[in-house]
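[1] Sharing a model that was predicted from the sequence below.
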Amino acid sequence: MKLDLSPEAVGQRLRQVEQLRRLCLSLAAAGVSRELAQKYPENQVLQRTARALGNNAAAKTPSRQDGEAQE
């Protein structure tokens with residue numbers, strides 16, 4: 001299978017990816033993701049989505065591992 005690497009084709013694919021990203025973030029911002037992130041705080045995908053939405057309250061910050069220096 002050949003992949004079209006012309007500037008126009010690459011630009012079109014990048015626009016499509018951006019549109020899909022915005023759609024996903026819009027759906028996540030609908031509120032369900034915040035509830036799920038609080039219900040399942042260990043789910044990394046939900047936490048990453050919460051951080052992408054700027055919802056740091058729902059996003060759990062990574063905990064320190066034993067032996068790491070504290071500031």
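    On my side now, so go ahead.
[2] list the helices and strands the host helix or strand of Glu35 packs on?
    Element membership of Glu35, judged by DSSP states H and E, is helix 32-39. Contact partners of helix 32-39 among helices and strands, from 3 or more Cβ pairs under 8 Å, 6 or more residues apart in numbering; DSSP states H and E: helix 44-52. (Glycine included, C-beta is placed from N, CA and C.)
[3] Please name every helix or strand in contact with the helix it packs on.
    So helix 44-52, by 3+ Cβ pairs under 8 Å, 6+ apart, packs with helix 7-28, helix 32-39.
[4] The same query, at a cut-off of 7 Å, please.
    Counting contacts by 3 or more Cβ pairs under 7 Å, 6 or more residues apart in numbering; DSSP states H and E, helix 44-52 packs against helix 32-39.
[5] any idea of the angle the helix it packs on forms with helix 7-28?
    Angle, helix 32-39 to helix 7-28, by axes from the mean of the first three to the mean of the last three Cα atoms, to 10 degrees: 60 degrees.
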